[in-house]
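**Student:** Provide a 3D model corresponding to the input given below.
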Amino acid sequence: MSENEDRFRYRWFQALLAFGGMLAVLLFANSVFNYVWMTRRMGVEQARQEMRRQVVALERQMRQTGAVPLASRIQEMAKNSDGRIAWVEVRDRKGQTLARSGSNPGPSFSPERIRSRLSNREPVMTVRRTGSGEAVVEMFPIRLGGAGGASFGMLEIAMPVGGDAVPWPVRRNLIINCSAALALLVALALIGLRFRAYLASRKLEQQLEIAREVQRSLLPGPGQVEHVELAAECLPASQVGGDFFDVFPAGDKATALVLGDVSGKGMPAALLMGVLHGAVRSGHWAGPAREHEAASRRLNRLLCERSAGPRFTSLFWSYYDADTKLLRYVNAGHWPPLLVTGRSGRTEVMRLEDGGPVMGLLPDAAYSQGTVRLAPGDLLILYSDGLIEAANAAGEEFGEERLLRLAMGSGGKSCEEIRREVLDRLREFAGAAPFADDLTLVAARFEPAAISAEAAAELERTAA
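**Tutor:** As a prediction, this is how the structure comes out:
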């Protein structure tokens with residue numbers, strides 16, 4: 001995915017975050033608005049129910065005790081409401097006020113509206129804002145009996161909008177909706193704040209993937225180089241690792257074979273591995289023993305100076321001289337490679353241990369070169385500690401003994417077959433458990449064209 005495509009997708013992601021934030025704000029505002037609207041609506045309905053109850057009670061009293069003056073009844077009605085009635089006023093058909101209690105700030109309805117609503121059998125009701133808050137004002141037709149010389153009139157009554165407790169379901173909906181909106185808003189805000197870190201991690205992942213490809217490209221491919229048949233596998237525990245191997249010409253008829261393992265894993269180990277790999281490739285060490293040993297001391301001092309903290313490197317670096325059939329090597333603290341040979345008529349395994357300590361810890365460490373004469377068809381198995389220390393679910397390690405048994409049975413097999421068999425046995429042993437360390441395996445057979453089918457059969461027979 002290109003940088004422009006990344007930028008385009010990230011802009012869409014930012015737009016979606018902004019859209020989600022607006023939805024969260026809208027949900028919160030809508031929830032509050034609905035709660036306020038519902039609360040007001042319920043308050044209005046409560047006030048209207050109370051007003052209707054008061055009107056019904058007034059009419060009942062007027063029928064039962066007709067001799068009491070209308071003004072007295074209105075005053076008593078307002079008094080008995082415990083202050084819930086803001087004002088009450090009785091008018092005749094002509095609009096003349098017959099009785100009044102409380103302070104009416106002015107007409108609430110025009111005569112035309114009163115006639116229109118009554119003719120349509122609709123309530124004559126409104127909500128007015130007064131000095132003490134909102135009040136529900138409603139006008140009711142009322143039977144006056146003989147009062148004021150008229151039998152019917154209109155009673156206007158006003159009450160403050162009801163303030164009774166809001167029912168729990170309404171409050172519950174407000175709490176749930178507002179909580180959901182705030183949670184969404186906080187989550188989106190956190191995502192937005194962490195977005196830069198996410199972009200940085202994405203770029204780092206892409207860079208690590210590029211580094212992995214670069215690191216893999218530095219490793220030699222499978223196949224056969226001059227005088228050596230080779231098969232290898234390098235599996236980093238993370239995207240990049242601290243293991244490496246290399247095989248390259250080191251002279252007219254010399255072939256260098258190197259395997260290194262930097263302590264730890266990940267990017268720090270990979271960076272130090274790059275330094276080590278470059279030094280091995282560019283150094284002049286494939287010659288007399290003193291040159292190889294001096295190169296080992298120089299490389300050790302370099303790693304002591306450049307390594308941060310207690311980081312060290314194990315290294316097996318060798319070269320094979322096709323003229324003398326000698327393999328010269330320095331083993332700097334690495335697990336001893338296994339040399340499988342059948343020169344004595346039976347399969348034998350030698351460990352190549354000569355050399356010195358690991359590099360990068362002791363500035364004045366000394367190293368000595370080891371030498372072994374090879375016969376055509378001899379097999380060298382190199383590996384890092386990630387192979388033999390790989391553990392299964394029970395915590396048991398694969399171990400060197402299992403690798404040794406596989407090496408003893410390698411007669412007549414190609415290097416690729418040996419590589420595949422070792423890794424298959426390792427995966428069967430480890431199961432689904434991930435590898436905790438970088439893992440490298442190299443199988444190298446020297447002068448492979450010189451080994452005959454009869455010799456291979458003899459190796460198989462003696463190994464059995």
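**Student:** let me see the domain layout of the protein.
**Tutor:** Using automatic domain parsing, the domain parsing of the chain gives 3-160, 211-463.
**Student:** of those, which is nearest Leu188?
**Tutor:** Ranking these by their distance to Leu188 (criterion: C-beta to C-beta) puts domain 3-160 first, at 5.0 Å. Where you see a C-beta, it was placed from the backbone N, CA and C, and this is true even at glycine.
**Student:** chain center to that closest one, what's the gap?
**Tutor:** 56 Å (C-alpha atoms, centre = their mean, to the nearest Å).
**Student:** redo the domains of the chain as CSV? Include distance to Ala189, mean neighbour count and mean pLDDT.
**Tutor:** Shown next, in CSV, are those (distance: least, C-beta to C-beta, whole Å; neighbours: other C-beta atoms under 10 Å; pLDDT from 0 to 100):
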stretch, distance to Ala189, mean neighbour count, mean pLDDT
domain 3-160, 7, 15, 85
domain 211-463, 31, 18, 85
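**Student:** for these, which one sits closest to Ala180?
**Tutor:** Closest approach to Ala180 among the domains of the chain (C-beta to C-beta): domain 3-160, 7.0 Å.
**Student:** circling back to that earlier point, what would the domains of the chain look like in CSV with distance to Trp168?
**Tutor:** Shown next, in CSV, are these (distance: least, C-beta to C-beta, whole Å):
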stretch, distance to Trp168
domain 3-160, 13
domain 211-463, 52
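**Student:** nearest to Leu199, of those domains?
**Tutor:** It's domain 3-160; of the domains of the chain, that one is closest to Leu199 (C-beta to C-beta) at 6.5 Å.
**Student:** then stretch 48-68 to PDB, C-alphas only?
**Tutor:** Extracted in PDB, the C-alpha atoms of stretch 48-68 (Å, rounded to 0.1, in the frame of the first residue of the first chain):
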ATOM      1  CA  ARG A  48     -54.700  20.500  33.400                       C
ATOM      2  CA  GLN A  49     -55.900  17.400  35.400                       C
ATOM      3  CA  GLU A  50     -55.800  19.400  38.600                       C
ATOM      4  CA  MET A  51     -57.600  22.300  37.000                       C
ATOM      5  CA  ARG A  52     -60.400  20.100  35.700                       C
ATOM      6  CA  ARG A  53     -60.700  18.600  39.200                       C
ATOM      7  CA  GLN A  54     -61.000  22.000  40.700                       C
ATOM      8  CA  VAL A  55     -63.700  23.100  38.100                       C
ATOM      9  CA  VAL A  56     -65.700  19.900  38.700                       C
ATOM     10  CA  ALA A  57     -65.500  20.500  42.500                       C
ATOM     11  CA  LEU A  58     -66.700  24.100  42.000                       C
ATOM     12  CA  GLU A  59     -69.700  23.100  39.900                       C
ATOM     13  CA  ARG A  60     -70.700  20.500  42.500                       C
ATOM     14  CA  GLN A  61     -70.500  23.000  45.300                       C
ATOM     15  CA  MET A  62     -72.600  25.500  43.300                       C
ATOM     16  CA  ARG A  63     -75.300  23.000  42.700                       C
ATOM     17  CA  GLN A  64     -75.400  21.900  46.300                       C
ATOM     18  CA  THR A  65     -75.300  25.400  47.900                       C
ATOM     19  CA  GLY A  66     -76.600  27.900  45.400                       C
ATOM     20  CA  ALA A  67     -77.000  30.700  47.900                       C
ATOM     21  CA  VAL A  68     -73.200  31.300  48.400                       C
END
